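Visitor: Please find the sequence and the predicted model below.
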Amino acid sequence: MSEEQAVAQPEIEGQVQRKGELDPELEARRATALAHVRKFGDPVLRTRAGRVDRFDDALRTEVLRMGELMEGALGVGLAAPQVGVLHRLLVYRVPPASGPATLVNPEIEWSGREQEIAEEGCLSLPGVLVDVERAVHVRVRASNERGEPVLVEASGLEARVIQHEIDHLDGVLIIDRTTREQRKEAMRSLREAQAA
Ligand code: ZN
């Protein structure tokens, strides 16, 4: 884990909970990346994304761009609708893995019965942190950016990030998966942020 991650302590998608101040350069880079991420209220976040059927250079360029934005935003995951592209495509990076992983047309093939509640943030919902219950273990079938089949067996944070990002492909947000009270609170803070 790099030092800036340790400082920024990214939660799901890099909801930064500051333990100290971010390096100003890193902060500027983060703001630039975040400016490219669609925010709550944008209808694209509520639209179901379509399957990818062309594994061409355009797709690989899209994947690279998403990986860069995710890293710039200090995130651990990013789904294509968050950058305005309605493709069933997501990238994520969960320590100790170094590079981003890409899942195209992911399908949760199996979820374990064990569930866990943890706090999640979202790059598209700045300032919001809510408790979300998710399966602890999942098995996901997908393709990589070259169209080759991928099978991921994930647990813990990795499983959580993948489920969060797949939700984005279906137009589902963390505020849909939390308690009524936390949803009300989150909506209030989002409306205040929009008004400001
Ligand atoms: Zn998100």
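Guide: Thanks, I have the structure now.

Visitor: correct me, but residue 187 touches residue 175?
Guide: Yes: using C-beta atoms under 8 Å, residue 187 is in contact with residue 175, at 6.9 Å. From N, CA and C alone the C-beta is placed, and that goes for glycine too.

Visitor: what's the pLDDT at residue 3?
Guide: Residue 3 carries a pLDDT value of 33.

Visitor: just use 14 as the starting number from now, easier for me
Guide: Taking 14 as the first residue, the last one we looked at is residue 16.

Visitor: Who are the packing partners of the lengthiest strand in the chain?
Guide: The residue-count maximum for a strand in the chain (DSSP state E) belongs to strand 114-124. For strand 114-124, the elements it packs on are helix 70-85, strand 102-105, strand 150-156, strand 162-168, helix 169-182, judged by 3 or more C-beta pairs under 8 Å, 6 or more residues apart in numbering; DSSP states H and E.

Visitor: The shortest one: partners in the sheet, and parallel or antiparallel?
Guide: Listed by DSSP bridges, the sheet partners of strand 102-105 and their directions read strand 90-92 (antiparallel), strand 114-124 (antiparallel).

Visitor: quick check, it touching the ion?
Guide: No: taking C-beta under 5 Å from the ion as the criterion, strand 102-105 and the ion are apart, separated by no less than 9.8 Å.

Visitor: Who has more neighbours out of residue 200 and residue 188?
Guide: Per other C-beta atoms under 10 Å, whichever of residue 200 and residue 188 has more neighbours is residue 188, with 19 against 13.

Visitor: residues contacting that one?
Guide: Applying C-beta atoms under 8 Å, 6 or more residues apart in numbering to residue 188 gives the contacts 138, 141, 143, 195-196, 199-200.

Visitor: who in this structure is up against the ion?
Guide: The chain has residues 26, 135 near the ion, with proximity defined as C-beta under 5 Å from the ion.

Visitor: that older thread, contacts for the longest strand of the chain next, please.
Guide: 64-65, 68, 72, 76, 80, 100-106, 148, 150-158, 160, 163, 165, 175-176, 178-179, 182.

Visitor: could you point out which element follows that strand?
Guide: In the C-terminal direction, the helix or strand that comes right after strand 114-124 (DSSP states H and E) is strand 128-133.
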